[in-house]
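**Q** Let's see this in three dimensions:
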Amino acid sequence: MSDAQTTMPLPPPLRVLIVDDQLDMLTTLGILLRSEGMMVQLGQKGAEVQAAVEAFRPDVVMLDIEMPDRSGLQVAMELTQRYGEGCPVLIAVTGHKTEAARRLIEKAGFRHYVGKPYDFDAVINLVSSIKRRSDVHG
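**A** Predicted coordinates:
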């Protein structure tokens, strides 16, 4: 058998949708996750998230909590209601680090939370630890 015949195919990359109204942070995080082999789509408006989730089918949605057009909390609640167990893993992105903010984030359906400014190593470790939706839900 040749090496090509014994090599297992690589699993498809993790699909990550990042939505943040701060373009510099959004771009930097997108570049970072792409460099880790992930498929990344970027957005700047909360109002675009539903359509982006339908079209891109992400495994992970990193969502800024405070955007001028729509609250990330509201968007997360809508995604959780719409997709239930099949919802992408939601990661809140926020500068708020109080216990009250954490409770609101959890109540909205977020499974994880990342503070601003980003600790890029922590973000890579967190996102890399998440399983693809098809691996979890068939």
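**Q** Give me the below-cutoff pLDDT ranges for this structure.
**A** Within the chain, the stretches falling below the threshold (pLDDT under 70) are 1-6, 133-138.
**Q** go again using 80 as the cut-off
**A** Scanning the chain for pLDDT under 80 picks out 1-11, 132-138.
**Q** tell me the centre residue of it?
**A** In the chain, the centroid-proximal residue (C-alpha atoms, centre = their mean) is Val61; its distance is 2.4 Å.
**Q** how about that residue, secondary structure?
**A** Val61 carries the three-state label strand when classified by DSSP: H, G, I helix; E, B strand; the rest coil.
**Q** show me what contacts it?
**A** Val61 makes contact with 16-19, 49, 53, 79, 88-91, according to C-beta atoms under 8 Å, 6 or more residues apart in numbering. Every C-beta, even on glycine, is put in place using the N, C-alpha and C of the backbone.
**Q** Leu26 too?
**A** 18-20, 42, 44.
**Q** Let me see the ranges of the strands in this protein.
**A** Ranges of strands in the chain, per DSSP state E, are 15-19, 39-43, 60-64, 89-94, 112-115.
**Q** Most tightly packed of those?
**A** Of those, the one with the most neighbours on average (mean count of other C-beta atoms under 10 Å) is strand 60-64, at a mean of 27.
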